[in-house]
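> everything below, folded, please.
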Amino acid sequence: MFSAITSRAEFAGANPTFLAARLCLLFLLLPAITVAGSEYLERQVLAVPTEAIGDTLTVIQRPLQNIPALVTSGDTLTIACEADPGTTGWGAQLIHLHKTLDLEVIAASYDPSTLWWQLQAVVPPVAIYELYDLRVFADSGIDDITRNAVQVLAEFKNSYYFFHLTDPHLPDHEFHDSGGAVTDSTEMVDLRAIIQDLNVINPEFVLLTGDIVNEGELEDYLGWRSYTRAQRLLAEFEVPVFLIAGNHDIGGWDATPPPAGTARREWWRFFGWKRLANPPPGAPRATQNYSFDYGPVHFVALDSYINYDDWRWPVYGATSFTSGQLQWLVVDLAAAATRSTSQVMFYHRDFDDQLNLGGLGIELALGGHIHRDDGSLSGPPYDLTTNNVCDGERAHRLIRVTGATLTPRPTLAAGASGQMFQVQYTPANDGTSDLVTTEIINNHGERFQNGQLRIHMPLPASGYEVTGGNLLQVDDSGPTAICYVGVDILPNSTTSVTVTRVITDVPAGSALPGSIVVDLLPNFPNPFNPVTELRYQLSRTVHARLAVYDLQGNRVRLLVDQQVPAGEHQIRWDGQDQTGHAMPSGVYVVRLSAAGGVSAQKIVLAR
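All right, here's what the predicted structure looks like:
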C-alpha cells in the first residue's frame, strides 16, 4: 500500500519567528506535497521526516496486516476494497517470498452504503501453508499489496492455542518531550523478544489489545515514525496478528502539539478505515470494530479509548465504547450464535464498566492498560487483564482451545534477557550447511505441542531428513530450501532437532516398502581418544549411510554407504576425516539414514 506523506500542524504557542520560517518552507514545498485525503488538510508540513512513511491504507481495507484472514484451500476469501465505483478488471494474488498464487475472483460488487467494493476470491490449493501477502489489482492502474494478510491453513484444528499481548508502547515508553525519547527504542527490543519466541512456539494467532504505540500523534511530528516503526516490527511475526487500538493509539494527549483527533486519524491511516472520519450510512459507527471465527469460537474486537483531547465529543464522549459500538456488538453476537458455541472479546480496557459479559454470553474477555495481571482463572466467564509487553515485562498469556472450550493460562514472561525460551542454531540457520542442529530450551512450565522451526538448507537435494521433529513441508522455491519442522516442545526441557540434506538418491530398488527401524546405539567409549566403536541396527536389509559431521554441518567422514543386512552392526571411527587427517577435540554428530529412517547422536572426541 502507498500513501503520500501528509502533514501536521505545529503546536500552539511556538515561537512566531520559528513558525514563520517553517511556513515559508511549507510554501516552497507545496508543489511536491500530495495530501492523502481531506481529513488531513488541517495539518501542515512543519517537520521534515527522518525516514520514509510506512504502508498506509489505500485500496485494500480488509484483510490487513492487523486484521488478517484465516482460510483453507478451496475457501472463498472476501476482500474489501476502496476504489471508484466504475472500477473494472479486478484480480488478486497471494504472495509469500518467491511464490505467487493467482486467486480466482468469482464476484465483485460495489456497495454505495459502505463505499467499498466486495470481492469474492477462491483460495487455490497451495504447496506451502503460510502467512501470505495479499495483492489486489484492477484497471485504471490500481495495484495494492498488504503484508501478512492471509493465513492459509492446512485445516482448522480442534485443539490449538493462541496468545494475548498488550501494551507494547512502541518505540519507547517515554513521551516526546522527555530527554532521549526520540532515540530510545527499548520497547521495540521487548516486543521483538516475544516475537522471536512465538515464531517457534507457533500459536494459531496472536491477539494484541492496543497501546501498540506510546503517542499516536507522533507519526509525522518532528519526523517521528511511531506507526511506521510499529508496522515494520509487526511484520516480523510469522503468525497472524489481530490488533485493536488502545487509548495511547487513538486517544490523543492534551500536552502534545498536534491538533485534536490526530491520533485516531493516524490509526485509520495505517491500521483502520479513513471512511470512519465521515461514515456513510452503511458504516455508521465511527470506530473500528471487527470479528472473525475459528471453528466454533467467535472472536470480537472493539476500539477502546479515553478521549483525552475531547475530539468530536458528541460522537466519542467520555466512555470506553460508543452506543453505536454496543449496538453493533449485540447484532454481531446474535449473528454469530447460529454458528458459534463460544465467544471471545478482546479490547484495550472497559474503562467505564459498560460490558456485562454474562449477559452478552461471553466466555472470555481479554484486555490490558493497567500493566499487571488481573482476573480469575477459576472458570468462565473469564474477565482477564494481561501484564504489559513494555518496560522489560515481556508478558504474554497463553490460551488453550479444545473444540469450543477455552482454557486461559497464567501469564508467561520472556525474561529480561530472553532466558525463558531460547533457540540456538548450530551452525547458523542461513542455508549454507548440509546439517543444522537446533536446540530449543523451554524454561516455561507449559508444553507447546504445535511448535515449528523454519530451517534453511542448501539446494539442490534429493530430500531432507529430520531427527527430533516432524518434517511438515519444504519450500524450495527460493535460493535456499526452507524446511518446516513440527516440534513437540515439552515443559522445562531442552529439545534437539537435526535437519540434514540428503545429497544423493537412494539406489533404485533399495528402499523397501513399509516402515523400517533405524537405530544408532550408544558408542563406546564416549568421550573417546582417538577410536570409538559406533553401533547401529536395522530392521530390514536396506541401503544405509553412516556419516560423521562437525557442528558446523560439514561432513567429516562417510563410514558406510552400501547395502546392509538387517540386524546389529558396528564400525570403528578413528577420529580422522576422509583424507586421513586427525580431527580436533570437540563434539561431533553421527548420523544414520536408510530408506527414509534417520537416527543421529552426538559423540565427544577428547584428545
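> gap between the residue positioned nearest the centre of the chain and Asp434?
In the chain, the centroid-proximal residue (CA atoms, centre = their mean) is Phe237; its distance is 2.4 Å. Using CB to CB, to the nearest Å, we find Phe237 at a distance of 30 Å from Asp434. Where C-beta positions appear, they are placed from N, C-alpha and C, glycine not excepted.
> which strand or helix spans the residue nearest to the centre of the chain?
Using DSSP states H and E, Phe237 sits within no helix or strand.
> can you report how many residues lie near the residue nearest to it when sequence neighbours are not counted?
Spatial nearest neighbour of Phe237, excluding adjacent residues (CB to CB, 6 or more residues apart in numbering): Ile195 at 5.6 Å. Neighbour count for Ile195, taken as other CB atoms under 10 Å: 20.
> Ile195 in helix, strand or coil?
Following DSSP: H, G, I helix; E, B strand; the rest coil, Ile195 is assigned to helix.
> same check on Pro584?
Under three-state DSSP, Pro584 falls in the coil class.
> need the contact list for it.
605, 607 (CB atoms under 8 Å, 6 or more residues apart in numbering).
> swap in 10 Å and give it another go.
Contacts for Pro584 (CB atoms under 10 Å, 6 or more residues apart in numbering) come out as 550, 575, 605, 607.
> wait, the second one sits on Arg607?
Just to be clear, that refers to Gly575. Yes - counting by CB atoms under 10 Å, Gly575 touches Arg607, with 7.7 Å between them.
> looking at these two, which one has more neighbours?
For Gly575 versus Arg607, neighbours defined as other CB under 10 Å are more numerous around Gly575 (21 against 12).
> Trp313 versus that one, what's the distance?
Gly575 sits at a distance of 80 Å from Trp313 (criterion: CB to CB).
> ok, the helix or strand containing Thr146: who's next to it in the sheet?
Element membership for Thr146 (DSSP H and E) is strand 142-153. Its sheet considered, strand 142-153 pairs with strand 69-72 (parallel), strand 131-138 (antiparallel) by DSSP bridges.
> next SSE downstream of the first one?
Think strand 69-72. Where DSSP H and E defines the elements, the next helix or strand beyond strand 69-72 is strand 76-81.
> in that following strand, what's buried?
Across strand 76-81, burial judged by 16 or more other CB atoms under 10 Å covers 77, 79-81.
> only C-alpha atoms, please: export it in PDB.
Extracted C-alpha coordinates of strand 76-81, given in PDB (Å, rounded to 0.1, in the frame of the first residue of the first chain):
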ATOM      1  CA  THR A  76     -13.900 -18.200  -0.600                       C
ATOM      2  CA  LEU A  77     -11.900 -15.200   0.600                       C
ATOM      3  CA  THR A  78     -13.800 -11.900   1.000                       C
ATOM      4  CA  ILE A  79     -11.700  -8.800   0.200                       C
ATOM      5  CA  ALA A  80     -13.000  -5.300   0.900                       C
ATOM      6  CA  CYS A  81     -11.500  -2.600  -1.300                       C
END
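> counting contacts, what elements does it pack onto?
Applying 3 or more CB pairs under 10 Å, 6 or more residues apart in numbering; DSSP states H and E, we find strand 76-81 packed against strand 60-62, strand 69-72, strand 91-96, strand 99-111, strand 116-122, strand 131-138, strand 142-153.
> rerun that using 6 Å as the cut-off
If contacts are counted by 3 or more CB pairs under 6 Å, 6 or more residues apart in numbering; DSSP states H and E, strand 76-81 sits against strand 60-62, strand 116-122.
> same list, the ones you listed, but as JSON lines with distance to Trp224 please.
Shown next, in JSON lines, are the helices and strands packed on strand 76-81 (distance: least, CB to CB, whole Å):
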{"stretch": "strand 60-62", "distance to Trp224": "26"}
{"stretch": "strand 116-122", "distance to Trp224": "31"}
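> would you list the ones you listed in CSV and tack on mean neighbour count?
Shown next, in CSV, are these (neighbours: other CB atoms under 10 Å):
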stretch, mean neighbour count
strand 60-62, 22
strand 116-122, 20
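> ok, which of the ones you listed comes nearest His248?
Checking the helices and strands packed on strand 76-81 against His248 by CB to CB gives strand 60-62 as the closest, at 23.6 Å.
> and the contacts of that closest one?
Under the criterion CB atoms under 6 Å, 6 or more residues apart in numbering, residues 80-82, 136, 144, 146, 273 lie in contact with strand 60-62.
> ok, of those residues, which one's closest to Asn247?
Closest approach to Asn247 among these (CB to CB): Trp273, at 19.3 Å.
> contact partners for the closest one?
Contacts for Trp273 (CB under 6 Å, 6+ apart) come out as Gln61.
> all strands of the stretch 251-400 of the chain, in order?
In the stretch 251-400 of the chain, the strands defined using DSSP state E, counting those that start in this stretch lie at 290-294, 297-302, 342-347, 364-367, 382-385, 395-402.
> out of those, which comes closest to Gly324?
The closest of the strands of the stretch 251-400 of the chain to Gly324 is strand 297-302. By CB to CB, the value is 11.1 Å.
> what sits up against the closest one?
For strand 297-302, contacts defined as CB under 6 Å, 6+ apart pick out 244, 289-292, 325, 336, 340, 342-347, 404.
> list only buried entries from those residues.
The neighbour-count criterion (16+ other CB under 10 Å) marks 244, 289-292, 325, 336, 340, 342-347 among the contacts of strand 297-302 as buried.
> can you redo the residues you listed as TSV with pLDDT and distance to Asn526?
Listed next are the buried ones among the contacts of strand 297-302 as TSV, based on pLDDT from 0 to 100; distance: CB to CB, whole Å:
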residue	pLDDT	distance to Asn526
Ile244	98	55
Asn289	96	62
Tyr290	97	58
Ser291	98	58
Phe292	98	53
Gln325	94	66
Ala336	96	59
Ser340	95	56
Ser342	97	52
Gln343	98	56
Val344	98	51
Met345	98	56
Phe346	98	52
Tyr347	98	57
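> Throw the residues you listed into CSV and include distance to Ile67, thanks.
Shown next, in CSV, are these (distance: CB to CB, whole Å):
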residue, distance to Ile67
Ile244, 9
Asn289, 11
Tyr290, 6
Ser291, 10
Phe292, 8
Gln325, 16
Ala336, 17
Ser340, 18
Ser342, 21
Gln343, 18
Val344, 15
Met345, 15
Phe346, 12
Tyr347, 14
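> Tyr382: which of those residues is nearest?
Using CB to CB, those come closest to Tyr382 at Val344, 9.2 Å.
> returning to that earlier point: wait, which of the buried residues of strand 76-81 is closest to Val487?
Nearest member of these to Val487, counting by CB to CB, is Leu77, at 29.7 Å.
> and His543, how many neighbours?
19.
> mind checking what secondary structure it has?
Here His543 is recorded as strand under three-state DSSP.
> my read: it touches Gln563, true?
Yes - His543 is in contact with Gln563 according to CB atoms under 6 Å; the separation is 5.3 Å.
> just the helices from the stretch 251-400 of the chain, written as ranges.
Using DSSP state H, counting those that start in this stretch, the helices found in the stretch 251-400 of the chain span residues 262-270, 313-316, 323-336, 357-360.
> the third one versus strand 297-302: what angle between them?
In terms of direction (axes from the mean of the first three to the mean of the last three CA atoms, to 10 degrees), helix 323-336 departs from strand 297-302 by 170 degrees.
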